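>>> 3D, please:
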Amino acid sequence: MAVKIRLKRMGAKKNPYYRIVVADVNTKRDGKAIEYIGSYKPVGEKEVKINAEAAQRWLANGAQPTDTVKALLVKEGIIK
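Got it, this is the predicted structure:
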């Protein structure tokens with residue numbers, strides 16, 4: 001089973017926030033996730049919360065982050 005760490009869109013129209021989730025590659029963008037590991041709010045006061053321990057565990061098990069999630073993980077210092 002191929003697994004990705006990606007964003008799941010939540011929130012209202014023109015006021016999004018995203019959950020950082022671990023999901024199977026074949027699921028829809030807003031479909032069922034394996035595990036919720038953080039959140040990202042790009043509008044207004046930008047906010048990023050990531051469970052570093054869970055993210056590192058999934059990365060060690062072979063989960064591939066999307067480009068956006070990878071940038072957030074680098075910004076938070078979880079990966080180099």
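>>> ok, which stretches of this protein are strands?
Using DSSP state E, the strands found in the chain span residues 3-12, 15-24, 35-41, 47-50, 64-65.
>>> The ones you listed into CSV, with extra columns for mean pLDDT?
Formatted as CSV, the strands of the chain follow (pLDDT from 0 to 100):
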stretch, mean pLDDT
strand 3-12, 95
strand 15-24, 96
strand 35-41, 96
strand 47-50, 96
strand 64-65, 96
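>>> wait, what's in contact with the residue lying closest to residue 32 once chain neighbours are set aside?
Using C-beta to C-beta, 6 or more residues apart in numbering and skipping the chain neighbours, the partner closest in space to residue 32 is residue 23 (7.4 Å). The way it works is simple: take the backbone N, C-alpha and C, and place the C-beta from them, glycine included. Going by C-beta atoms under 8 Å, 6 or more residues apart in numbering, residue 23 touches 3, 4, 6, 8, 31, 32, 33, 34.
>>> and which of the residues you listed is nearest residue 68?
Comparing the contacts of residue 23 against residue 68 with C-beta to C-beta picks out residue 6 as the nearest, at 8.0 Å.
>>> Just to check, the closest one is in contact with residue 63?
No: the criterion here is C-beta atoms under 8 Å, and residue 6 misses it with residue 63 at 9.6 Å.
>>> Please report the distance of residue 32 from residue 24.
8 Å (C-beta to C-beta, to the nearest Å).
>>> out of the two, which sits in the more crowded spot?
A side-by-side neighbour count of residue 32 and residue 24, using other C-beta atoms under 10 Å, places residue 24 first with 13 against 10.
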